[in-house]
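[1] prediction below, plus the sequence it came from.
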Amino acid sequence: MAQETIVSVVPNDEGQQQFKKCDQILFYRRQTLGPNLQYRASLDTLVLSEKGVRVELEPETQSQARLLLFVSASRDGTVRVQIDELWPIKTRYRVPDVLTTEPFGEQFRVGKKTSDLVSLTWGAGHYQVKVWAWPFKLDVLCGEEEIVTFNHREKLHVEMLQERPSENPEEHQEDDSNLWKETFRQFVDIKANGPSSVGADVCLHGYSHVYGLPEHADRLMLSDTRDGEAYRLYNLDVFAYDLHSRLGLYGSVPLVLAHKSDRTVGLFWLNASETLVDIQYCPHGKDEEAASPVRRQVPRQTHLRWVSESGLIDLMVMLGPSPSQVFSQYAQLTGYQALPPLFSLGYHQSRYSYKDDADVKAVDAGFDQHNIPYDVIWLDIDHTDGMRYFTWDPILYPNPVGLQRHLEARSRKLVVISDPHIKMDPDWSLYCQARDGGHFVKDREGQIYQGSCWPGDSSYLDFSSPATRAWYSQRFALERYTGSTPSLFVWNDMNEPSVFGGPEQTMPKDAVHHGGWEHREQHNLYGFQQHMATVQGLITRSGGLERPFVLSRSFFAGSQRFCAVWTGDNVASWDYLNISIPMILSLSLAGIAFCGADVGGFVKDPDPELLLRWYQAGSLTPFFRGHSAQFTRRREPWLFGDQVTDAIRCVIQERYLLLPYWYTLFHKSHTTAMPPLRPMWVEFPREQNIFTVDHQYMIGGALLACPITEQGATKVKVWLPGSGEVWYDIETAQQFSGGSSLLNLPVTLDTVPVFQRGGTMVPRRTVCGSCTADLHHYPLSLTMALDSQGEAEGELYLDDGYSFSYRDSNDFSLRRISLQSDSLICRCANQMGLYQSDETVYSVTILGTRKRPAKITLQKPGSQDIPLTFLYDKARYTLTLEGLNIAVGKDWDIKIVF
């Protein structure tokens with residue numbers, strides 16, 4: 001990115017210098033620079049219970065805490081390792097609300113026990129855990145193959161909780177002074193429990209590719225950190241963030257996925273305090289391999305070291321072995337992706353900010369005038385009365401209900417912003433209710449914490465309190481939120497939380513939450529608990545009938561159950577467009593499937609080429625929103641000349657035509673945890689040459705997308721993986737063989753490289769309409785792409801698009817369409833579904849048909865065969881059936897005779 005001044009939207013923003021580097025994080029320095037502390041597992045203390053096994057760990061020195069190891073396992077192949085002090089002087093913080101279930105409780109069996117080792121197994125005995133006495137380590141094995149070793153490098157370290165020392169400095173050691181009181185710049189952090197960090201290392205045997213740990217503006221595959229910064233997980237408001245940086249951004253998911261050709265594993269470190277992760281690949285480059293005088297095969301290993309400021313050690317190892325099984329194992333812990341309402345998969349138009357009611361109506365009309373579909377328009381903070389959330393500016397938006405009715409008449413929605421800071425205004429009833437109800441975070445002296453954000457002096461809601469979450473949820477009731485209607489949805493921003501002028505622009509760690517817990521214990525949960533409350537409020541508003549839509553900037557593990565996420569305050573540059581793809585893929589791998597980046601970049605002004613390329617890329621991601629800052633030029637799609645308008649219109653229309661496929665993918669994610677966007681290796685796990693590819697990706701199992709992210713591109717390189725796979729260009733129907741070298745594809749400004757995989761079916765609408773509500777008026781088109789065996793299949797999911805009836809009343813339909821032995825067959829794929837759909841299939845296109853059929857007939861149960869007309873394109877090897885009008889909810893067969 002060119003060195004150019006970027007004006008921050010944040011008052012008095014000091015840029016990246018306000019954030020800590022690793023050498024300024026004292027608990028991390030103590031853990032990484034201190035000596036290794038060896039522990040002995042006292043195997044004679046081993047106790048088997050119905051929930052797992054406990055073993056005491058003895059330190060080598062009396063100054064260290066005795067620890068309690070508890071190991072449990074689930075039937076599906078997940079092992080949980082928990083370590084706490086054996087006799088803590090007070091309870092350590094345990095992360096609430098994230099785990100939906102705790103499927104641990106398999107009964108262990110002792111397979112072998114000696115003075116040095118105990119071997120444990122469970123269930124069918126496929127896996128085993130070995131606990132070694134001295135020095136303590138724990139192996140997880142499949143059969144006799146080591147997969148993961150805990151404490152391989154003896155980095156286990158738990159700082160003992162202590163009583164507060166005397167205020168008399170003569171009564172404690174000088175070198176203890178920074179353990180209880182820490183200063184960063186002008187900020188002083190007083191630790192109520194003293195040093196309380198925890199750390200451990202894990203060795204992944206045979207792995208040299210690891211992924212995950214969002215959110216960072218970096219490549220998909222995580223880098224070796226030995227020569228630089230650790231990956232930091234600490235939710236921060238970072239405006240125009242640096243690229244290729246390991247600084248923590250707006251959200252955190254402490255999940256790592258490791259992949260090799262025959263197995264994928266996941267490591268989930270459940271801790272909500274500030275966390276850093278170091279990664280070392282071994283061997284590390286050519287130098288390390290050449291250092292050995294004896295030429296030998298160096299075993300591949302990846303070493304991870306986790307360090308958290310507080311809490312306890314709680315590590316879950318998901319053993320796969322396939323990527324899909326790891327996704328499922330993780331979702332069984334933290335929850336599955338929510339099924340979003342259909343409108344939220346359409347296009348969203350946003351700006352900070354639209355000027356007033358008339359401006360919003362003009363933008364809405366502009367989409368219709370230019371025949372560009374869209375579903376949602378967004379209002380930023382300026383829509384409120386003096387930055388008071390749940391209010392409306394009486395001059396700019398004098399009739400908010402009328403505005404929403406105006407949009408609703410066109411089947412469109414309004415999204416408004418609701419941040420967690422509350423303006424300190426004693427004349428505002430909402431502030432007074434929150435103050436008097438005890439709903440605000442306190443400072444270390446027990447007074448209401450006062451920070452600063454958009455309204456100026458602000459107090460911050462304490463979402464860790466169930467009572468506060470319930471109170472906040474109730475604010476969304478129609479009778480309480482004056483000016484709201486059922487077609488209004490919510491955007492939670494600034495919820496890291498952002499505090500202007502605070503330490504690292506966030507809340508002090510010694511602020512106090514519900515239950516007396518310090519903010520340091522639960523910092524990364526703050527935004528998670530806000531959007532949890534917001535979602536509960538919207539569901540309650542509808543009486544539990546309708547699916548909510550919430551976008552959140554901050555997130556944690558489990559956020560997929562509640563909200564969509566975007567990558568924050570990006571910049572209108574080619575580098576930011578490029579990095580958005582691996583950022584979105586990392587989020588997808590970590591369960592946050594409903595994600596995207598601001599199209600066009602939030603700050604600075606994109607030129608027409610960049611804007612168009614970003615629309616092309618954004619249309620191929622789950623969350624599709626154009627957004628821009630207040631000091632940028634207006635950016636509605638029709639403001640850049642007819643050629644750009646036509647191209648953007650085409651891109652957005654194609655998105656709407658493809659929504660039946662996107663919606664089916666989200667149903668799949670909701671039920672199986674497979675993300676709609678997938679790195680190439682998820683679908684092709686044995687092809688090592690694509691393990692680091694992050695400029696292209698799979699949309700489901702059928703489509704390969706390679707957005708163009710380079711200025712002035714005339715060619716793009718595309719990997720078409722899979723030996724024996726067949727790929728089809730969706731625009732030209734040209735056929736390519738997989739598994740060969742890179743494809744150099746010529747491109748123009750209108751080119752969006754997307755390929756359909758042989759053996760798949762992709763459903764589309766035949767007409768896009770003006771918004772998603774129009775789609776059910778138009779029939780479907782099915783594209784069958786034949787594989788090398790002449791077969792193809794896929795699924796189509798249907799429901800009402802907005803309610804929970806699919807869940808509560810089985811009001812859904814899942815159909816499977818397959819082409820085998822020259823028969824195209826439509827059948828029910830889930831007999832539980834009761835949805836009575838009047839959807840019809842208008843056309844079927846079959847790619848890869850090598851000869852012209854003699855005849856084609858439609859066969860329905862109880863009816864005579866109906867001859868069908870068809871078109872055959874010999875040059876493109878495509879067979880097209882049109883004018884079918886067959887009910888997709890009924891069984892039927894189409895017989896093709898050659």
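    In hand now; what should we look at?
[2] so for this protein, the centremost residue is which one?
    Central residue of the chain (Cα atoms, centre = their mean): residue 592, 2.0 Å from the mean position.
[3] state the distance from it to residue 195.
    32 Å (Cβ to Cβ, to the nearest Å). Quick note: C-beta positions are derived from backbone N, CA and C, even for glycine.
[4] next: residue 702.
    Noted for residue 702: a distance of 52 Å to residue 195, by Cβ to Cβ.
[5] cool, and residue 86?
    In terms of Cβ to Cβ, residue 86 sits 18 Å off from residue 195.
[6] neighbour count: these two, which is higher?
    residue 195 (20 against 15; other Cβ atoms under 10 Å).
[7] close enough to count as contact, the more buried one and residue 178?
    No. Using Cβ atoms under 8 Å, residue 195 makes no contact with residue 178, being 9.2 Å away.
[8] so which residues of the stretch 701-850 of the chain form strands?
    703-705, 715-718, 726-729, 735-737, 743-746, 754-757, 760-765, 780-785, 792-798, 813-820, 823-828, 840-847 (DSSP state E, counting those that start in this stretch).
[9] would you turn the ones you listed into a markdown table with distance to residue 385?
    As requested, the strands of the stretch 701-850 of the chain are arranged in a markdown table below (distance: least, Cβ to Cβ, whole Å):
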| stretch | distance to residue 385 |
| --- | --- |
| strand 703-705 | 43 |
| strand 715-718 | 49 |
| strand 726-729 | 53 |
| strand 735-737 | 58 |
| strand 743-746 | 53 |
| strand 754-757 | 46 |
| strand 760-765 | 41 |
| strand 780-785 | 46 |
| strand 792-798 | 42 |
| strand 813-820 | 46 |
| strand 823-828 | 53 |
| strand 840-847 | 49 |
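[10] can I assume residue 649 is in contact with residue 374?
    No. Using Cβ under 8 Å as the test, residue 649 is too far from residue 374 to be in contact (10.8 Å).
[11] compare these two (neighbour count), which wins?
    Using other Cβ under 10 Å, the more surrounded residue of residue 649 and residue 374 is residue 374, with 24 against 19.
[12] show the contacting residues for that one.
    Counting by Cβ atoms under 8 Å, 6 or more residues apart in numbering, residue 374 makes contact with 346-349, 367, 412, 652, 770-771.
[13] residue 535 should be in a helix, yeah?
    Yes. Counting by DSSP: H, G, I helix; E, B strand; the rest coil, residue 535 falls inside a helix.
[14] look up how far residue 830 lies from it.
    Taking Cβ to Cβ as the measure, residue 535 falls 26 Å from residue 830.
[15] for residue 726, same thing?
    On the measure of Cβ to Cβ, residue 726 and residue 830 end up 28 Å apart.
[16] and these two? Which one has more around it.
    Comparing residue 726 with residue 830 by other Cβ under 10 Å, the one with more neighbours is residue 726, at 23 against 14.
[17] beta-bridge partners for the more buried one, please?
    residue 737 (DSSP bridges).
[18] that one against residue 738, yeah?
    Yes. Using Cβ under 8 Å, residue 726 is in contact with residue 738, at 6.9 Å.
[19] looking at the chain, which helix or strand is least sure?
    The weakest-scoring helix or strand in the chain, judged by mean pLDDT, DSSP states H and E, is helix 285-291 (a mean of 47).
[20] I'd like the next helix or strand past it.
    Per DSSP states H and E, the first helix or strand lying C-terminal to helix 285-291 is strand 301-308.
[21] per-residue confidence averaged over that following strand?
    For strand 301-308, the mean pLDDT works out to 98.
[22] which other residues reach the helix or strand just after that strand?
    Later in the chain than strand 301-308, the nearest helix or strand by DSSP H and E is strand 313-318. Strand 313-318 is contacted from outside by 77-84, 94-95, 140, 147-148, 150, 156, 158, 198, 200, 202, 265-271, 306, 325-326, 329-330, 333, using Cβ under 8 Å, 6+ apart.
[23] could you redo the last one with a cut-off of 7 Å?
    78-83, 140, 148, 198, 200, 265-271, 326, 329-330, 333 (Cβ atoms under 7 Å, 6 or more residues apart in numbering).
[24] just the ones of those in strands?
    78-83, 140, 148, 198, 200, 265-269 (DSSP state E).
[25] now for those: which two are most distant?
    198 and 265 (21.7 Å; Cβ to Cβ).
[26] okay, now residue 141: neighbour count?
    Neighbours around residue 141, by other Cβ under 10 Å: 19.
[27] now that it has come up, it's in contact with residue 147, right?
    Yes. With contact defined as Cβ atoms under 7 Å, residue 141 reaches residue 147; the gap is 6.2 Å.
[28] next, give phi and psi for residue 363.
    phi -60, psi -40 (degrees, to the nearest 10).
[29] from memory it sits against residue 377, does it?
    Yes. Using Cβ under 7 Å, residue 363 is in contact with residue 377, at 6.4 Å.
[30] with neighbour numbers in mind, choose between these two.
    Using other Cβ under 10 Å as the criterion, residue 363 and residue 377 rank with residue 377 on top: 22 against 16.
[31] and that one, that one's in a strand?
    Yes. Under three-state DSSP, residue 377 sits within a strand.
[32] what's the spacing between it and residue 616?
    22 Å.
[33] same deal with residue 370?
    To residue 616, residue 370 is 18 Å away according to Cβ to Cβ.
[34] more neighbours, those two?
    More crowded of residue 370 and residue 616, by other Cβ under 10 Å: residue 616, with 27 against 15.
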